[in-house]
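Peer 1: need a structure here:
(chains A, B, C and D)
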Protein chains: 4
Amino acid sequence: MEKCWMDKPHEECGVFGIFNKGDSADVIMDTYYGLYALQHRGQESCGIAVNDDGVISCHKDLGLVNEVFTRDVLDGMPRGKMTVGHCRYATTGTRSSANAQPLVLRHIKGNMALAHNGNLTNAAELRAEVELTGAIFHTTSDTEVIAYAITKERLTAPSIQAAVVAAMDKIKGAYSLIIMSPRKLIAARDPYGFRPLCMGKLGESTVFASESCALDSIGATFVRDIEPGEVVVVTDDGIESIRTHCGKGSGFCVFEYIYFARPDSVINGTSVHLARQRAGALLALSHPVQADVVIGVPDSGLDAALGYARQSGIPYGIGFLKNKYIGRTFIAPGQKQRENAVRIKLNPISATVKGKRVILVDDSIVRGTTSLKIVKLLREAGATEVHMRLSAPPFLYPCYFGTDIDSSENLIAYKHSIEEIAQIINVDSLGFLEIEDLPKLAENTKCKMCDGCFTGHYPIDPPACSAKSKFEYKISENTND
Amino acid sequence: MEKCWMDKPHEECGVFGIFNKGDSADVIMDTYYGLYALQHRGQESCGIAVNDDGVISCHKDLGLVNEVFTRDVLDGMPRGKMTVGHCRYATTGTRSSANAQPLVLRHIKGNMALAHNGNLTNAAELRAEVELTGAIFHTTSDTEVIAYAITKERLTAPSIQAAVVAAMDKIKGAYSLIIMSPRKLIAARDPYGFRPLCMGKLGESTVFASESCALDSIGATFVRDIEPGEVVVVTDDGIESIRTHCGKGSGFCVFEYIYFARPDSVINGTSVHLARQRAGALLALSHPVQADVVIGVPDSGLDAALGYARQSGIPYGIGFLKNKYIGRTFIAPGQKQRENAVRIKLNPISATVKGKRVILVDDSIVRGTTSLKIVKLLREAGATEVHMRLSAPPFLYPCYFGTDIDSSENLIAYKHSIEEIAQIINVDSLGFLEIEDLPKLAENTKCKMCDGCFTGHYPIDPPACSAKSKFEYKISENTND
Amino acid sequence: MEKCWMDKPHEECGVFGIFNKGDSADVIMDTYYGLYALQHRGQESCGIAVNDDGVISCHKDLGLVNEVFTRDVLDGMPRGKMTVGHCRYATTGTRSSANAQPLVLRHIKGNMALAHNGNLTNAAELRAEVELTGAIFHTTSDTEVIAYAITKERLTAPSIQAAVVAAMDKIKGAYSLIIMSPRKLIAARDPYGFRPLCMGKLGESTVFASESCALDSIGATFVRDIEPGEVVVVTDDGIESIRTHCGKGSGFCVFEYIYFARPDSVINGTSVHLARQRAGALLALSHPVQADVVIGVPDSGLDAALGYARQSGIPYGIGFLKNKYIGRTFIAPGQKQRENAVRIKLNPISATVKGKRVILVDDSIVRGTTSLKIVKLLREAGATEVHMRLSAPPFLYPCYFGTDIDSSENLIAYKHSIEEIAQIINVDSLGFLEIEDLPKLAENTKCKMCDGCFTGHYPIDPPACSAKSKFEYKISENTND
Amino acid sequence: MEKCWMDKPHEECGVFGIFNKGDSADVIMDTYYGLYALQHRGQESCGIAVNDDGVISCHKDLGLVNEVFTRDVLDGMPRGKMTVGHCRYATTGTRSSANAQPLVLRHIKGNMALAHNGNLTNAAELRAEVELTGAIFHTTSDTEVIAYAITKERLTAPSIQAAVVAAMDKIKGAYSLIIMSPRKLIAARDPYGFRPLCMGKLGESTVFASESCALDSIGATFVRDIEPGEVVVVTDDGIESIRTHCGKGSGFCVFEYIYFARPDSVINGTSVHLARQRAGALLALSHPVQADVVIGVPDSGLDAALGYARQSGIPYGIGFLKNKYIGRTFIAPGQKQRENAVRIKLNPISATVKGKRVILVDDSIVRGTTSLKIVKLLREAGATEVHMRLSAPPFLYPCYFGTDIDSSENLIAYKHSIEEIAQIINVDSLGFLEIEDLPKLAENTKCKMCDGCFTGHYPIDPPACSAKSKFEYKISENTND
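Peer 2: Numbers count the residues shown, from 1 in each chain, chains lettered A, B, ... in the order given. Modelled structure (predicted):
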């Protein structure tokens, strides 16, 4: 909800899976809590597939976890030993449940459930290829393309995991996958490791999740990240790691550290909270300014603001009260009351900013419209100067790996210089994180990171054709149907 | 709702489609009203797919039309010139929206929406065949099998309608289909015509529907039934009829006349209401008895009761008040109050039956439990004799063509003689419609009818393997996944 | 629902109460089923108050019984030995729960719950009187006026029942009341007995209800009607009848027989179903016509149609299919599709009327708009003549005793002669029940009936001032607040 | 929601009112946004009464503002020039809408709406007094007692405001009231000013609200606090202040500063945020300790934590991630998963506390159960020492003035010494704000504050009989009803 309101980029998904060797755990409730912890990664739809002795049942729908999984729904689901869970981000346009995940399907060797976070770069080619064999697609998601890639391989591969490994030769792009077959739970991460995926342990259960915060939420112990290119298979006989695709390089999304991930998660060995503090500290070094107080835009700017304050020695302050009761059903003000739209959600605390030179820290600017309103609120509350600092560089290039960052008219930095932006959003000074500082956010992380949305340099080639092939298309030339 | 309560067989679906040549009609609202009229054919789920200049959008979910299609949903759907609508019956087990229709999918030549009423007899074979090419199935419905059959043919066929005709060589069983492609709306009925399907006209719109009552509901004029084996294609250029599969024979389900269809529908030239009156009259001839009043079990026994009364000269009476406020959310009485469960819904009118010898007419008996309760109510209300007459013969054989009539332990007639049944449900006499009278229900209908559930003789061979292959299956031997 | 659609007068309420001497019964569930049986008497709001050892809890809200009483609500209510239940009709204007009943309140001697069916003629005077003592009113209902009348008397009366009897000297008009005090359940009916009220027995429970059909629904045995003017008090010690106000005369609403009550109810010794059949038979005598078939408008015209058919010897037919899935959330057609609005709900069965001279029986005409549409449907379905017969005389005068029949511009008979009406609704002939035939509907009923809405002669004086004083009023002259 | 989870005392209400002289404002939407800003003061029920030219309509129900006021409800309410809004706290026991406010009623001089925050100390006596005149009560709230006090006075007083002033001689205790009559909007605050109430201006509208944050939310300018004892009357002719009851003393609830009020509010001239920072700073002085980081329990402990950090020079840290998606429908873990119940909502950020000596700041301890769990989380996350500091003194005495602080077995400080508490919640040291420091929280506030819950000294006498008379009572001795 915040994300929509606050003019931010969107992550596309969170995945969760659990395999319980014994009979002791309620894996559905564990998944429910896990999805609560991953809700920030996707608020459009969510779902849980459960495997009861080989029979896979699934409940998924549009809505937040608390809307889709009511007590009746949870009580009504069969119990089992394995689950796959998923949450997905709110796309614009028709609200449709067709793309909700996990995807549950049947192929020649049995049934399967898949949950996917990421985006393929050769989905259109793969889709066209199988369509030539008469294949039909129900969704517009890459997940179905991945499913086809796996089932095609399964025709000849000796096992489902072998099919997954073979399919990884075909699919290109970003994917953190959890796959459930009748007897196995499989986690797979693309060879560049664009999106996070980790493994934990809770009693007799093995748990996979997009972020470690989901392990914490159910009291599981963090074991390790799934490595880029790794496939991990859990069965009653134990855990197997297949590393055929490992070692190809790396390209973890740096914006996961800056904004997408939850601050209490630890990814690739780096605390997200600390990475953000570090971003703030680096900003203080590269864009210093004399001021009286440093405040962050809640919630995503707070960590960096604290880092800026500590590095600069300027006191940290609490600048805003964020109304926590505003949810999906909030009715936004009409034209007449539009002025105060932001204020209902985010009210400045005068006592903090009145008569002060304020440094305002946020993670990023997309269109700039919300920033302009927030700056206005601060000036009305008595701030004498407002210096804005962003803990990310300006967005200039599209992302092809699982977010909705796009190189388009909507990006303020695509069309305006930094000086112009400062004028547009009415700040006394404006500073972005320097691109060369990005690697410092996670210094102890061995892997290189993808900063394509800032630099235009991607770890792998972007798609040849247009970024996103859409299912919904106007009547085309190539058919008379 | 009545059906669940009243221990009746279930129809599996109703289909509806509309093609508007101009721009004048709100085809979504027309479909909404059409589905209301077909709701008796399926109460589990419903859906509408709309085609807006080649882009197909779909909303479908579990629930009745009035639950799934709220004002917000209807307002939010894009407008277009074509739709396909569907309603589906309430299966037992997990409530799942996965099998809701229409099915919307994309194949090599574009997108497509399908709505299906019926049941294939070779679905398992066809499914296995395409799975060998790596195909994946999302649903357990025959509709997806049909979709594959069509898209496979479309790889080589010159048009979507040609692919449909070619696919009809492969698929066996009962199907009344409505298919929507980017530019065309296609209706197809299996060569035996198991399920009804008709065509109507409303201004510039061509309408297809399972029953003529749905045409009435939107003010459309009935044009004709789709013939067994016929494919009708509607485009901007006009209406084309393809009769390649016509003339193979016929096998319209006689139980559509007796119970499934709505009495105000006219199918294959015969009024359903009149067919039921005729059944009552035939019962009066074959199973006469001296009595004071003839009453029907609301609502499905009323027409036959009137026919019995007119034929026999015994006065027709109104024997029950049916509570019309009892819906899905009604909380049935617990053990303590179970006795009165039926009475809340169906209260006898003492004034009609007190001190009378009563002829009670219903359409059929499945398990007999409800009949027993109703007879008890009549006796408590003062009926001195209760003679039950059923306007169908006893169910003895399973149906493979789109209903849930099954040859099982649940069928009272499968395990007991008529005399035993009379004793079990505590009636003074019991008479079923004679099998040889079945053809007389629709004498002016040229086609032969399927009476397999009564006789065991089917127009085409039943499936080789077990009647219904299910997606949900326990871990099988043939895979180590 | 039907009522709104079908342009009918509205009853204002149904009441239900139960006192269980032992601990064996679930009186809340009994009340729930009782209210289902009384739902036709009021569909705006409903409520149940339960008495758990002197503590009275209440749940009430806008909506039908199945909407207001979900499983969660029923499970959450405390159990007790006594209840009062109520359902109330849908007034126009703001949907407000403020007037929902039962009314639960506390006065000097303890707490009390009241449920009321009827309308006072001196409510405005009584209200003004207590307001002069500083009283405040929360509702606009007469029920609160009755509550004040009782509590005022209770200041000096030796018991709650004595207070009720004393209050009956003050309140004028129509009332069937159920009152629950900490230890007692009391039923009271006004001295003229305008509205029905009866008593039943179920094990150790004594039950009161507006109509006997509510007794049937829970399996209770009908004991007797509460007499006009009678007060019945149930306590652990037994049942006491106080007849101080009995013998004043009588004025049971004849329109209860014709339309309001459920046909399976027996009121004042007369079956409602038989009364309606008799109305039909009387119509056949007073307004005969040559025709081929007699049909009724479902559901309220069916009984009279049967009576007409039997008397006239013209065959009874089933003329319409009524769609039972149309509920509160049905979205009525817009302007474009308005033509078919009635047809969606009520489709004529051509087979019954085509080429026939049809006698169409309904209970009454209010505005005539629906009748016009129904006649049009019949003609389109092929009826060669349509002769309409109404089982009530024309409405000409307002009702002051608990219905919304009003002498207004909306009444077609108020403004037009019978010939004009026949022309307006386009029938070949039109006949109303004769006023002198009204007493014959319930010949074995000793009491006289109120036919004020047809004749203008009322058993007691109508209110001096305007019929209904309303709480919602514009700023008045008599206050500067 | 946080409050329930987090074992905190509860405020009882928030009030809001607006009077628009012109016709330009949508006072209902303004009230809707105002209630959003006051939602922290009450989450059980809410309501809005609107005055359309003297006609008062009201919608109120159980639930949060976003649940009760849907778009349909808001659209359906009549527009007017005045409103009164209210939100109320979640009491335990039966969820009942009977006590929802505003109270709307009619008395001899017209109608009236009341919204109340506070608690009377002589409600039982006043209630008994009017009951002796035959009065009936619908609710158990003090608000109805106040309404009676006013309407009794209005019998002789020349105006509604005169009646309010006269009633203030009778009612004792805490009350911030907003009263709406046909033409006037009146705000009144008790002579001790226990609860906050302020006035603002927005164009032609005068606004009253419990806290200034509600003025901010609609863009209104803060004008001033209503003074203790003051009555402010707004009419078309202007604003009148009646100060008859002013100057009696003062007793503003100090816990409003510490916990109840929103940090962005300014009350009696003091910023709530600053008061909390000051509490933290005072704690640093009175309870210093050597440590590495100061963290607050979100959200209510953050301000004081910042104050402690600044005063002590120990770095401020962000210690927890609070899951913002957990709402009313969250299904709490069962026994098996109970351990992690807090962690789902509040996950420690290891990077902040690992290997650190942590000072943990919260506002208060009630039962201590949540504190114990939070401390455990911190230790598991690697904190080497945990020193807890509370920005309030220990609760020892009941509150009679509008909160649910009670002197009972539930208060940990009532039964245990500070040393024992430290042991129970497993902290290395524990410090509470000193009672003598309380006045320093709001030094520039002239009025004295009520600290009765900490000291047992109250500005006015507590009730003679038991704190709270309840409507729901078992069968009493004094009646045979």
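
Peer 1: quick check, the lengthiest strand in chain A touching chain B?
Peer 2: In chain A, taking DSSP state E as the definition, the longest strand is strand A:110-120. Yes - using C-beta under 8 Å from any C-beta of the partner chain, strand A:110-120 reaches chain B at A:110-112. (Each C-beta comes from the backbone N, C-alpha and C, glycine too.)

Peer 1: and that strand, which strands flank it?
Peer 2: Sheet pairing of strand A:110-120 (DSSP bridges) gives strand A:103-107 (antiparallel), strand A:173-180 (antiparallel).

Peer 1: for those, which has the smallest mean pLDDT value?
Peer 2: With a mean of 94, strand A:103-107 has the lowest mean pLDDT of the strands paired with strand A:110-120.

Peer 1: put the alpha carbons of that one into PDB.
Peer 2: Output of strand A:103-107 as PDB, limited to C-alpha atoms (Å, rounded to 0.1, in the frame of the first residue of the first chain):
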ATOM      1  CA  LEU A 103       1.000 -22.300 -10.700                       C
ATOM      2  CA  VAL A 104      -0.300 -25.800 -10.200                       C
ATOM      3  CA  LEU A 105      -0.300 -28.200 -13.200                       C
ATOM      4  CA  ARG A 106      -0.100 -31.700 -14.400                       C
ATOM      5  CA  HIS A 107       2.300 -33.100 -16.900                       C
END
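
Peer 1: in it, which residues are buried?
Peer 2: By neighbour count on 16 or more other C-beta atoms under 10 Å in any protein chain shown, the buried set for strand A:103-107 is A:103-107.

Peer 1: so what touches stretch A:59-66?
Peer 2: The contact list for stretch A:59-66, computed with C-beta atoms under 8 Å, 6 or more residues apart in numbering or on different chains, reads A:32, A:35-36, A:39, A:43-49, A:68-69, A:73, A:77, A:86-87, A:95-97, A:100-102, A:328, B:96-97, D:325-327, D:329-330.

Peer 1: I'd say residue A:197 and residue A:210 touch.
Peer 2: Yes - taking contacts as C-beta atoms under 8 Å, residue A:197 lies within contact range of residue A:210: 6.3 Å.

Peer 1: shared neighbours, the two?
Peer 2: A:15, A:117, A:176.

Peer 1: quick check: the first one vs residue C:61, distance?
Peer 2: Right, the one you point to is residue A:15. Noted for residue A:15: a distance of 42 Å to residue C:61, by C-beta to C-beta, to the nearest Å.

Peer 1: where along the stretch 1-150 of chain A do the strands fall?
Peer 2: Remark: strands assigned in the stretch 1-150 of chain A by DSSP state E, counting those that start in this stretch are A:13-20, A:45-52, A:55-62, A:82-88, A:103-107, A:110-120.

Peer 1: can you add distance to residue D:375 and give these back as TSV?
Peer 2: Formatted as TSV, the strands of the stretch 1-150 of chain A follow (distance: least, C-beta to C-beta, whole Å):
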stretch	distance to residue D:375
strand A:13-20	28
strand A:45-52	33
strand A:55-62	37
strand A:82-88	31
strand A:103-107	43
strand A:110-120	35
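
Peer 1: could you say which of those is packed most deeply?
Peer 2: Highest mean neighbour count of the strands of the stretch 1-150 of chain A: strand A:82-88, a mean of 31 (counted as mean count of other C-beta atoms under 10 Å in any protein chain shown).

Peer 1: where does the residue in the stretch 1-150 of chain A positioned nearest to chain B land on pLDDT?
Peer 2: Closest contact between the stretch 1-150 of chain A and chain B, by C-beta to the nearest C-beta, is at residue A:54 (3.2 Å). Predicted confidence (pLDDT) for residue A:54: 91.

Peer 1: about what we covered before: can you show me the CA trace of the longest strand of chain A as PDB?
Peer 2: The C-alpha coordinates for strand A:110-120 follow below in PDB (Å, rounded to 0.1, in the frame of the first residue of the first chain):
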ATOM      1  CA  GLY A 110       2.700 -36.200 -12.500                       C
ATOM      2  CA  ASN A 111       1.700 -32.900 -10.900                       C
ATOM      3  CA  MET A 112       3.800 -29.900 -10.000                       C
ATOM      4  CA  ALA A 113       3.500 -26.500  -8.300                       C
ATOM      5  CA  LEU A 114       5.800 -23.600  -9.100                       C
ATOM      6  CA  ALA A 115       6.400 -20.200  -7.500                       C
ATOM      7  CA  HIS A 116       8.600 -17.700  -9.200                       C
ATOM      8  CA  ASN A 117      10.300 -14.400  -8.500                       C
ATOM      9  CA  GLY A 118      12.000 -12.800 -11.400                       C
ATOM     10  CA  ASN A 119      11.700 -12.200 -15.100                       C
ATOM     11  CA  LEU A 120      13.000 -14.100 -18.100                       C
END
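
Peer 1: I'd guessed residue A:33 sits against residue D:333; true?
Peer 2: Yes - the criterion here is C-beta under 8 Å, and residue A:33 meets it with residue D:333 at 7.1 Å.

Peer 1: centre of the chain versus the longest helix along chain A, how much separation?
Peer 2: As assigned by DSSP state H, the longest helix anywhere in chain A is helix A:272-286. Computed by C-alpha atoms, centre = their mean, to the nearest Å, the chain-centroid distance of helix A:272-286 equals 21 Å.

Peer 1: again with stretch A:10-30
Peer 2: 18 Å.

Peer 1: that one near chain D anywhere?
Peer 2: Yes - contact between stretch A:10-30 and chain D, assessed by C-beta under 8 Å from any C-beta, occurs at A:25-26, A:29-30.

Peer 1: coming back round to it: hmm, the residue of the stretch 1-150 of chain A closest to chain B is touching residue A:180, no?
Peer 2: No - judged on C-beta under 8 Å, residue A:54 makes no contact with residue A:180 at a distance of 10.5 Å.

Peer 1: so these two - more neighbours on which side?
Peer 2: Legend: neighbour count by other C-beta atoms under 10 Å in any protein chain shown for residue A:54 and residue A:180, higher for residue A:180 (29 against 18).

Peer 1: partner residues bridging that one?
Peer 2: Here residue A:180 sits in beta bridges with residue A:113, residue A:185, going by DSSP bridges.

Peer 1: which one of the buried residues of strand A:103-107 is nearest to residue C:298?
Peer 2: Comparing the buried residues of strand A:103-107 against residue C:298 with C-beta to C-beta places residue A:104 closest, at 44.7 Å.

Peer 1: contacting residues for that closest one?
Peer 2: Listed by C-beta under 8 Å, 6+ apart, the contact partners of residue A:104 are A:49, A:56, A:58, A:111-113, B:98, B:138.
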